[in-house]
Structures are given as structure tokens and as C-alpha cells.
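Peer 1: here are the coordinates; sequence isn't available:
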């Protein structure tokens, strides 16, 4: 699975290198509030920038091994691609965060930041960061570092935040101050017990508002393997992502109904119960998306890229969990019923063993099998043997041929019949 994801990332990056000048994230951060890896929201990471083309290559995540790779720097796109690939390769082979991030030092102007809940965090190459550590007694240490290699050791609560200004940003020159202020804010929130996913949203808010490096990008929950995906990345080449300090949607605080901007501008109250809608800013939507709550179930889908499958599967699994709990048999039955009813198209039936449940992080993985013979849907599960259907089909074919003969030779047959009657 990791190899397949890596190949997709490489295809995306190579395509971008060929078509456009890909942007480098100017803000990268890794935040670890629970270095044991048991808190489902205990480690998070994300990237954003003022520049165009903030695609997901700037915040790569391994769902299987729970690490992130954040890229940036002022070097060329091809060396940055090579640094990302080398960093991922090292992490897959069991390297520490510092060993993996040091790969960036071999490429001029490139920055790679990496980390995970149990491996700590590190940044290598060309960077201006603060390394934040929070001791058991609540003491906060924020240490500046520039270039080479900087590390947050495994087992340590803390963070690494990188921030520079993009040329052309109207708030150019603010990065140094904002970098320090945000680092201190992150340290205080870690000390006060906030989870990493919520801290990431708050840090994005401060960086976006005060430094102008505000376009997504996005974020990852490194413990529960949740990503904001393409929520905030640009939908077209050579455009910016979504501004993280602007309204993203409106939602009903009672029943959860929501609608995204710009359509949200037309709604002031919930269409179902008339409740006044709450405006949700992008940095809040980011934190909400990647934060696991007692009422949320994270769903991952593997084995298919068919359109709409992930969204529909997510709804089915969440409903099944709410109704019968984390039961692989009932989840599989719900999914197969949806296939029979035509709600899920392009996937094969699954069995309980195809459902992977991790209750402590409230996550469910669904592994779809490819359909045979280029089919678009599974064969019908009929109560009669297919051999009987073959016989019926043969009979129908014979009858059809007889009818065709009768039509083609009806005049000859009628004349012959009349002659015999005479």
C-alpha cells in the first residue's frame, strides 16, 4: 500500500514539474502532544503558503506507518522531488526522523520536515524554525534554528514550526516575528493540554492572519491517519489554495447540516429547523476535519479509486457504527446491501475480514476487491443455478431464431399453407 501511494505521489509531482512551476510551502509544522501514540489526536502536521499550486505533495502522510513528510524551500522542483522520495525511502526502512530529514541537506535550497507520534520530528536542509519542547513540569523552551538539521527528540512533547514569507506577499517581513509568537502559542497550548489537531488549527489561524502565508495546503492527523486531503488545495493549476483565515462553511449547531461557501452566502438559518447558522472559518474546518471525537468515525477506503465510492462508503460505515457499533460483520453487510441497491457502483462484495477496525482511534478501513473481467458491478446473487439460466437462455435463443425464420419466410409459408387447403 505504501509503495502504491508513493508511486501516485511521484506521478503527481513529476506531472506538476513538467506542467508548472510548483510552489514550495513556506509554513510547515509538526506538533506532538502525546509521544506515546495512544491519544488519537496526539500528533498533527500541516503546510500552507502564499504561493500558487499548494498541492498535497507538500503534506504527505503514511497511513500505515503514521509519519508525515512536509516539503519546501527555494530550490528547484526536481531536487525537491528527489529529497522527498529519499526521505520517504529512509522512513520506510526504519530511519529516525533526524536520519530521514537529513536527506534534504544533499539538495541545494531544499527543506524537508518529517515526524510522527513516536519518532519525534526533524527538519533538514534550508530552513528557519523554532523547535518547541514542553517538559513534564510545564516548562516551555522555544529554540531558534536555521539550516542544517534540527530535531525534536522521540518521547518529547513539542513542535517544530517553519515560516518564511513568499515574495509578493503584502505582509512580507513579518515571518520572523510570527514564527516566534506562534511557537510560543503552540508551547502554551501543549502545556495546557490541548490536542495536537486543535493546536494545528489555532497555529494556522495565527500564521494566516499575521504573516499572510495563508493558502492551503492542509493538515494531517498522524495517529488516526486522517487528512484534510483536497479541502483547501487549489482546484486548478497556477492558482492559490483556499485562504485559511476566511469563512469556509456555515453549519447548524443543532443537527449538523452545513453548506460551503460561496453557496453559504445565501443561507442564514438551517432549512430544517430554522436555527441560526454558525460560520466556520477554514482553520476551524481543518481542525474539525482531522480531530477524532467521541461521535466521529474515521473511514479509509483501499483497493479502488472509483468516483463516489469513498464518500458513500464513509456514510454507510458511520451509520452502521452508530447503529450496531464496531462490528465487522454488520459493516460488511451494510456495504454489500448498498452494492445490491445500486448505492455503491464499481466495487465488489466484501467480507468481514476485509474490514479493519481500530476502536481506540475510532477508525475503520475498508478493503475493496477488484471486479473480475472488467465488470462494473458484481454478478447477481440469484437463488437459482447459473446453468439453469444458460438453458433458459438457449431456449430463448432457439425461439428467437424460429420467429426470425417465420418473419423472413412468412409469404412463402402462407402460400404453401393455402395451397394445401385447396
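Peer 2: Noted; the coordinates are in hand. What you are looking at is a predicted structure, and each value in this text was computed from that prediction instead of being measured.
Peer 1: the strand or helix carrying residue 83: how far from the chain's middle?
Peer 2: Using DSSP states H and E, residue 83 falls within helix 77-92. Here helix 77-92 is found 20 Å from its chain centre; the criterion is CA atoms, centre = their mean, to the nearest Å.
Peer 1: and that helix, what does it pack onto?
Peer 2: helix 2-19, strand 59-62, strand 67-73, helix 97-101, strand 110-116 (3 or more CB pairs under 8 Å, 6 or more residues apart in numbering; DSSP states H and E). In short, each C-beta sits where N, CA and C put it, glycine included.
Peer 1: is it correct that residue 152 is in contact with residue 158?
Peer 2: Yes: under the criterion of CB atoms under 8 Å, residue 152 makes contact with residue 158 at 4.8 Å.
Peer 1: overlap in contacts, the two.
Peer 2: Common neighbours of residue 152 and residue 158, using CB atoms under 8 Å, 6 or more residues apart in numbering, are 32, 121, 131-133.
Peer 1: got the end-to-end distance for stretch 162-179?
Peer 2: 7 Å (CA to CA, to the nearest Å).
Peer 1: how about it: buried residues?
Peer 2: For stretch 162-179, the neighbour count (16 or more other CB atoms under 10 Å) marks 162-166, 169, 171, 174-175, 178-179 as buried.
Peer 1: of the helices and strands packed on helix 77-92, which shows the lowest average pLDDT?
Peer 2: Among the helices and strands packed on helix 77-92, helix 2-19 carries the lowest mean pLDDT, a mean of 50.
Peer 1: and the pLDDT at the residue lying closest to residue 103 once chain neighbours are set aside?
Peer 2: Sequence neighbours aside, residue 86 is the residue nearest to residue 103 in space, at 4.1 Å (criterion: CB to CB, 6 or more residues apart in numbering). pLDDT, residue 86: 95.
Peer 1: got a winner among the shared contacts of residue 152 and residue 158 for most neighbours?
Peer 2: Ranked by the number of neighbours (other CB atoms under 10 Å), the shared contacts of residue 152 and residue 158 place residue 32 first, at 34 neighbours.
Peer 1: what separation do you get for that residue and residue 64?
Peer 2: Distance of residue 32 to residue 64, given as CB to CB, to the nearest Å: 19 Å.
Peer 1: okay, now the sheet partners of whichever strand in the chain runs longest, with direction.
Peer 2: As assigned by DSSP state E, the longest strand anywhere in the chain is strand 120-134. Sheet pairing of strand 120-134 (DSSP bridges) gives strand 110-116 (antiparallel), strand 140-152 (antiparallel), strand 158-163 (antiparallel).
Peer 1: buried ones in it?
Peer 2: The neighbour-count check on strand 120-134 (16+ other CB under 10 Å) flags 120-134 as buried.
Peer 1: ok, those residues vs residue 80, which is closest?
Peer 2: Residue 80 has its nearest neighbour among these in residue 125, at 9.4 Å by CB to CB.
Peer 1: and the shared contacts of residue 152 and residue 158, which two are the farthest apart?
Peer 2: Spatially, the most separated pair among the shared contacts of residue 152 and residue 158 is 32 and 131, at 11.6 Å (CB to CB).
Peer 1: show the subsequent helix or strand relative to the helix or strand of the chain with the lowest mean pLDDT.
Peer 2: The weakest-scoring helix or strand in the chain, judged by mean pLDDT, DSSP states H and E, is helix 2-19 (a mean of 50). Using DSSP H and E, the next helix or strand after helix 2-19 towards the C-terminus is strand 27-32.
Peer 1: need the contact list for the closest residue to residue 220 other than its chain neighbours.
Peer 2: Residue nearest to residue 220 in three dimensions, not counting chain neighbours: residue 61, with 4.2 Å by CB to CB, 6+ apart. With contacts defined as CB under 8 Å, 6+ apart, the neighbours of residue 61 are 45, 67-69, 220, 222, 225, 227.
Peer 1: distance of residue 61 relative to residue 159?
Peer 2: Distance, residue 61 to residue 159, by CB to CB: 17 Å.
Peer 1: again with residue 244
Peer 2: Distance from residue 244 to residue 159, by CB to CB: 18 Å.
Peer 1: who has more neighbours, those two?
Peer 2: residue 159 (33 against 29).
Peer 1: pLDDT score for the more buried one?
Peer 2: pLDDT recorded at residue 159 is 98.
Peer 1: buried ones in whichever strand or helix holds residue 279?
Peer 2: Assessed by DSSP H and E, residue 279 sits inside strand 278-281. Within strand 278-281, the residues that qualify as buried are 280-281, counting by 16+ other CB under 10 Å.
Peer 1: which residues touch it?
Peer 2: Against strand 278-281 from outside (CB under 8 Å, 6+ apart): 205, 244-253, 258, 264, 288.
Peer 1: what about it, average pLDDT?
Peer 2: 97.
Peer 1: what lines up beside that strand in the sheet?
Peer 2: strand 247-251 (antiparallel).
Peer 1: give the rounded mean pLDDT of the partner strand.
Peer 2: Mean predicted confidence for strand 247-251 is 95.
Peer 1: could you identify the helix or strand that succeeds it?
Peer 2: Following strand 247-251 in sequence, per DSSP H and E, is strand 258-260.
Peer 1: and that following strand, what does it pack against?
Peer 2: Applying 3+ CB pairs under 8 Å, 6+ apart, one finds that strand 258-260 contacts strand 247-251.
Peer 1: can you give me the helices in the stretch 251-400 of the chain?
Peer 2: Assigned by DSSP state H, counting those that start in this stretch, the stretch 251-400 of the chain shows helices spanning 282-290, 309-324, 328-340, 386-408.
Peer 1: first to last residue in stretch 72-83, what's the distance?
Peer 2: Using CA to CA, one end of stretch 72-83 lies 10 Å from the other.
Peer 1: tell me the buried residues in it?
Peer 2: Applying 16+ other CB under 10 Å to stretch 72-83 flags 72-73, 75-77, 79-83 as buried.
Peer 1: can you check stretch 311-319 too?
Peer 2: For stretch 311-319, burial by neighbour count (16+ other CB under 10 Å) applies to 312-314, 316-318.
Peer 1: look up how far residue 26 lies from the residue nearest to residue 67 when sequence neighbours are not counted.
Peer 2: Spatially, and ignoring its direct neighbours in sequence, residue 67 is nearest to residue 116 (4.0 Å; CB to CB, 6+ apart). As judged by CB to CB, residue 116 and residue 26 stand 23 Å apart.
Peer 1: cool, residue 155 as well?
Peer 2: In terms of CB to CB, residue 155 sits 29 Å off from residue 26.
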